[in-house]
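>>> fold the following for me, if possible:
(chains A, B, C, D, E and F)
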There are 6 protein chains.
Amino acid sequence: MQRPSGRRPDQLRDISITRQFTRHAEGSVLVAFGHTQVICTASVEEGVPRFLRGRGQGWLTAEYGMLPRSTGTRMGREAARGRQGGRTQEIQRLIGRSLRAGMDLSKLGENTITIDCDVIQADGGTRTAAITGACVALVDALNGMQRDKRLLEDPLLGLVAAVSVGVVDGVPVLDLDYVEDSTAHTDMNVVMGEDGGFIEVQGTAEGAPFERGALDAMLDLATAGIGELVARQREVLASG
Amino acid sequence: MQRPSGRRPDQLRDISITRQFTRHAEGSVLVAFGHTQVICTASVEEGVPRFLRGRGQGWLTAEYGMLPRSTGTRMGREAARGRQGGRTQEIQRLIGRSLRAGMDLSKLGENTITIDCDVIQADGGTRTAAITGACVALVDALNGMQRDKRLLEDPLLGLVAAVSVGVVDGVPVLDLDYVEDSTAHTDMNVVMGEDGGFIEVQGTAEGAPFERGALDAMLDLATAGIGELVARQREVLASG
Amino acid sequence: MQRPSGRRPDQLRDISITRQFTRHAEGSVLVAFGHTQVICTASVEEGVPRFLRGRGQGWLTAEYGMLPRSTGTRMGREAARGRQGGRTQEIQRLIGRSLRAGMDLSKLGENTITIDCDVIQADGGTRTAAITGACVALVDALNGMQRDKRLLEDPLLGLVAAVSVGVVDGVPVLDLDYVEDSTAHTDMNVVMGEDGGFIEVQGTAEGAPFERGALDAMLDLATAGIGELVARQREVLASG
Amino acid sequence: MQRPSGRRPDQLRDISITRQFTRHAEGSVLVAFGHTQVICTASVEEGVPRFLRGRGQGWLTAEYGMLPRSTGTRMGREAARGRQGGRTQEIQRLIGRSLRAGMDLSKLGENTITIDCDVIQADGGTRTAAITGACVALVDALNGMQRDKRLLEDPLLGLVAAVSVGVVDGVPVLDLDYVEDSTAHTDMNVVMGEDGGFIEVQGTAEGAPFERGALDAMLDLATAGIGELVARQREVLASG
Amino acid sequence: MQRPSGRRPDQLRDISITRQFTRHAEGSVLVAFGHTQVICTASVEEGVPRFLRGRGQGWLTAEYGMLPRSTGTRMGREAARGRQGGRTQEIQRLIGRSLRAGMDLSKLGENTITIDCDVIQADGGTRTAAITGACVALVDALNGMQRDKRLLEDPLLGLVAAVSVGVVDGVPVLDLDYVEDSTAHTDMNVVMGEDGGFIEVQGTAEGAPFERGALDAMLDLATAGIGELVARQREVLASG
Amino acid sequence: MQRPSGRRPDQLRDISITRQFTRHAEGSVLVAFGHTQVICTASVEEGVPRFLRGRGQGWLTAEYGMLPRSTGTRMGREAARGRQGGRTQEIQRLIGRSLRAGMDLSKLGENTITIDCDVIQADGGTRTAAITGACVALVDALNGMQRDKRLLEDPLLGLVAAVSVGVVDGVPVLDLDYVEDSTAHTDMNVVMGEDGGFIEVQGTAEGAPFERGALDAMLDLATAGIGELVARQREVLASG
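Below you'll find the model as predicted:
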């Protein structure tokens, strides 16, 4: 078995996380998982949505988009079509839930953090790259709020990272690129906290149902891969 | 540990599946998981979406809705708001993927089956009830097509059923109702084929991340519960 | 002259009105006029729309929908298309006006009652069945508010019911089913109060204009038919 | 009893119908019922909607709009709000049905006539003025098609006109202006063919239900009023 | 060189400005530049948009529309399509900016003036006719507010008018009609204040880029033409 | 007079144009005018819009967007709001017109080029940077089509570039950044071809109208600035 990229089954793509990628946002990161590149920003605004007002806690929400030509053939622009598709909504809901799981919102004050993940180049795994990069942007934003005395305590419970796993040609593999994703029999996205607990597990049989053994193998791969991603997040955050 | 409903941790709610619930659809089922009630219809139309034309295969798609007062407090009607929310889109995509996994679309001819799942009363687990009921409506529609000689072979690969599992007060439990769902630490929806393979696994930590052990216990519960649901599907389908 | 259903020209279809059909709504009714089946719920919420605030009176509004496969061929789901069609809006405005005519809104307090009428099976006359069933759901909701001391007086002025009449093959007939509706030369929907006064009269020539004599005959049929419907409403309300 | 305008109960407002009001449309009319002014155009296009293709017959459809400041206080522009309201849709469906009742569409060829009725000044009765004026624009368009040999036969079955009637302070009156409309107990719009048959009858009790006697009196008033309107249509059409 | 209309290159079309064209609006004008006819109303409402609240100043905004059959072939109605097109938005933003440039909004109090420009017949130059006519409607509305003591000072800084210029067959010409507009190599809309200063200059090369000399010649023509239009505005305003 | 950035009145910001910025598009450029950064891609697709079919010519269209946090405070995402705002539409129409002016569409075959300009960081002048960068992406796409023999001739008539000019504190200045833009009395965007002809001139008085002399001075500045931008475009294109 040879992966198209020549990687070992348990090998991540080249990962890079660039902080302060743009200048306006409180946190701004360019994350790359191989050729997949996503701009992740964290924006801080005072106030919370109506359903949370007066409870003294904060909120975090996420939005996701793809530039029309981030993909091999041009996709219609969602703003022009007048609605966000089901896939977009599914992904932005996932990003929001995942990052909220890494925070104690009661320590955020009545502030809202909006995460924007915009894919500028897609090659598989955009949602997992987005979560991994957005978490770094979020930490930068939270640190800034603490420096500015807008927060008394750190709301961060722990880093959050994500990776895809799948079964390609019968072999469980880590961090699928687009070519592998297109041929995978099973596709799974796993989000974990830095302590190794599961935050989200989403597996889909693309063809035949998959067995418990394959599920276990994929979870093992994901656990190891996320360990590496968290190490990279820590390293990047320590550098600046 | 006492479940609010008095059920054992591994006990399903009362399940009922009523075929021929309405008269126009090729397949029409009222499914109840306890107080959760969903009307599931399967509609057959000639032709396939543009992206499949000329390939000689069929398609299956699903839509999901909730009556505004299926819930404890009235929800706004999506048709009036002018858009389907993210949750709705997520669920209808899940239903469609799950049922397609149970079919060989190449044996369907250039026909499209549209599954409609409309919740008339909600008490937790609407999406898993919908999948379980819709599969029976689908079988009725496919059998009708075979009787009418619109199909030469049976496209059904196997029955598909779904159930939710979760961890409530530290205990893994099967088939959560609304009260349990609201307090669960972890919430998981599992879709399986009748042969016991996984089609979809979607787990979410509502609070703290969950451990591999909890995941394993939930998957065990789901496997047993889906076994019972498939038995019920078979029994209902055999009844005529 | 023989009606397709074998009914006499002045004969209603089998009418059934089932109260407490679902458990969450303050009033919940399944109404059937023959094969036409509509779920009608009445939901009570505190507050009134902006244009009524501060006047000490209440409001009643109605929404209408059809399940996509309530009809012989599947209709597109309005939530998916992103807008309610003209027919839907016309019908829900009619239901709202008709039921408001049966109430003294000044006795409702600053509360809003929302009527939802969702057709689960259509065979002609869905709007008239909806009005007739929704009135019973409304009475249940109002009685509940009085029991809970949320109202000091009964806002109900009188029961409201509706029926269709038409001219088929030159003969005026009562309560048209879908087959008759499709061939009628004239189609008329009549809403009346229990005292026999007219609330709405909507007649349309489908082909040639109709004469005053035909109009008079249809109004006579409708008056008698609504008398029977009101008797049925009273009977059902007395039973519970 | 004195009407605010000083008119007799059975007296129409000043009616004017100006043909060739704008230059591009195949039929273009400015109709005034007192201060109510509506521009009505009939546009001819080749082809028919999909549901009629290949049947050799034509189609007529209508759209209705109000300039934002046609009314006493400015209304939001429907194009800016992104949807046509229920009232607009109800009225344009009524105009379309009414004019189709005056035509034999099988003689129109595969052509579509679109009627546009745009209210530039509103003072009650905009829909009835629109129908009455649009019929004249339609006749001009049909005559033009015959002159250009686009039609072999005249599709017109007869002129169509409309008027409102109501009960104000207990007295049945004809052709209500805005002040009367606001205080009417009953409001009715009647559309008739030139031969005196009914095409549409739409009556609504604004307060208490109305009795059969009031209905009869209103229909008598409407019949006489529409007779006058048809005479005016004929006179205007003969003049040019 | 002969213009299709026989006009000299520096000659405006016949201009007419009719005040009090409709009765409800605070200012109401029908403006005609040859066959181009636009109804312009100015509506006064208390209050300002959220972004201006509490600053003690007013606001002016504009909306633009075309009746569907104002043009040679029928255009779809924007209200029916559910969105205003790019051209509409561009024009209404231009009208708003242009008229705000003629006002001192700090003297308007917390009031909003909404300008509606609705084209009833189009023959080129609808946006420049709209600005020229709307300015007169605006003056009427402001004068009315002063008469009613709703304003202490006159917010008007000066009249504003607009005209199109272009290069047709190599010759710079003033106030293009539709035929000229369709064949122009360059098309320019110029808005000026009554003192001769520029408010907006929008020039577009339709084919080859245009030279500075052509630009200068067009600006000269526009300056003279707007001088005439302002004279006509003054004359009309003095008459009433 | 001192510009906030310390630049001379006739000095551009630092300009950088990076080709092959992303890998999927036929042309992909990151353009920076100082802190303003825009990703410009050119996508080639076979076929043309309906209104051009069968004429043997091609088409070019453009779309524009801003990442939500490209600006100092987060803007709502247009895809989430469900419509593109007036400013967006104005800009994308401008980009499309400007680039079409630099092409002979009859030499493009029945192909459509879609330009996407997505602002990742905004500091004034996003539309002029977009045009300048998109032209380079367009040239790369056209060259690629020629290499692949998809085109027989080069459709490019000449390079197109754009710059803003304005009057700040009474002094005409070139290439305004956000701070200057916010305080400018006059704001003008100029698009020119490489031969020095004007393609678009759009000037707006933000406060008082501007005089012909100021207009002339701004056009002189723009002409010189665009000369520099075209030189930079040529240099970058020659390098690869």
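
>>> next, the residue nearest the centre of chain A: phi, psi?
In chain A, the C-alpha nearest the mean C-alpha coordinate belongs to A:Ile131, at 1.3 Å (C-alpha atoms, centre = their mean). Dihedral pair for A:Ile131: phi -60, psi -40, per degrees, to the nearest 10.

>>> off-centre distance for stretch A:116-125?
The chain centroid and the centroid of stretch A:116-125 are separated by 10 Å, computed with C-alpha atoms, centre = their mean, to the nearest Å.

>>> er, stretch A:138-151 I mean
On C-alpha atoms, centre = their mean, the centre of stretch A:138-151 falls 21 Å from that of its chain.

>>> follow-up on the earlier one: so what's the residue nearest to the centre of chain A up against?
A:Leu94, A:Ile95, A:Ser98, A:Leu99, A:Val160, A:Ala161, A:Ala162, A:Val191 (C-beta atoms under 8 Å, 6 or more residues apart in numbering or on different chains). Every C-beta, even on glycine, is put in place using the N, C-alpha and C of the backbone.

>>> quick one: which of those residues is nearest chain E?
A:Ile95 (28.9 Å; C-beta to the nearest C-beta).

>>> the closest residue to A:Ala217 other than its chain neighbours: which element?
Once flanking residues are discounted, A:Ala217 sits nearest to A:Pro172: 4.2 Å by C-beta to C-beta, 6 or more residues apart in numbering or on different chains. For A:Pro172, the element it lies in under DSSP states H and E is strand A:171-174.

>>> mind listing what's buried in that strand?
A:Pro172, A:Val173, A:Leu174 (16 or more other C-beta atoms under 10 Å in any protein chain shown).

>>> can you check the pLDDT for the first one?
Same thing as A:Pro172. The model reports A:Pro172 with a pLDDT of 96.

>>> wait, it touches A:Leu215, no?
No. Shown here, A:Pro172 and A:Leu215 do not form a contact pair, counting by C-beta atoms under 8 Å, at 9.4 Å.

>>> ok so, going back, switch the contacts of A:Ile131 over to JSON lines; also include distance to chain E.
Output for the contacts of A:Ile131, formatted as JSON lines (distance: C-beta to the nearest C-beta, whole Å):
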{"residue": "A:Leu94", "distance to chain E": "30"}
{"residue": "A:Ile95", "distance to chain E": "29"}
{"residue": "A:Ser98", "distance to chain E": "34"}
{"residue": "A:Leu99", "distance to chain E": "30"}
{"residue": "A:Val160", "distance to chain E": "36"}
{"residue": "A:Ala161", "distance to chain E": "40"}
{"residue": "A:Ala162", "distance to chain E": "37"}
{"residue": "A:Val191", "distance to chain E": "37"}
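
>>> just put those in CSV and tack on secondary structure.
Converted to CSV, these look like this (DSSP: H, G, I helix; E, B strand; the rest coil):
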residue, secondary structure
A:Leu94, helix
A:Ile95, helix
A:Ser98, helix
A:Leu99, helix
A:Val160, strand
A:Ala161, strand
A:Ala162, strand
A:Val191, strand
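
>>> for stretch A:146-163, the distance to its chain's centre please.
Distance, centroid of stretch A:146-163 to centroid of chain: 16 Å (C-alpha atoms, centre = their mean).

>>> what's the angle from the single longest helix found in chain A to helix B:212-238?
Secondary structure of chain A read by DSSP state H shows that its longest helix is helix A:212-238. In terms of direction (axes from the mean of the first three to the mean of the last three C-alpha atoms, to 10 degrees), helix A:212-238 departs from helix B:212-238 by 140 degrees.

>>> just confirm yes or no for stretch A:25-40 near chain F.
Yes. Using C-beta under 8 Å from any C-beta of the partner chain, we find that stretch A:25-40 touches chain F at A:Ala25, A:Ser28, A:His35, A:Gln37, A:Ile39.

>>> neighbours around A:Glu153, how many?
11 (other C-beta atoms under 10 Å in any protein chain shown).

>>> so it is in contact with A:Ser106, correct?
No. In this structure, A:Glu153 is not within contact of A:Ser106 by C-beta under 8 Å, at 9.4 Å.

>>> residue contacts, the residue of chain A found nearest chain E?
Residue nearest to chain E within chain A (C-beta to the nearest C-beta): A:Gly82, separated by 7.3 Å. Counting by C-beta under 8 Å, 6+ apart, A:Gly82 touches E:Arg83, F:Gly82, F:Arg83.

>>> SS state for the most far-flung residue of chain A relative to its centre?
Ranked by distance from the centre of chain A (C-alpha atoms, centre = their mean), the top residue is A:Gly54, with 30.0 Å. When classified by three-state DSSP, A:Gly54 comes out as coil.
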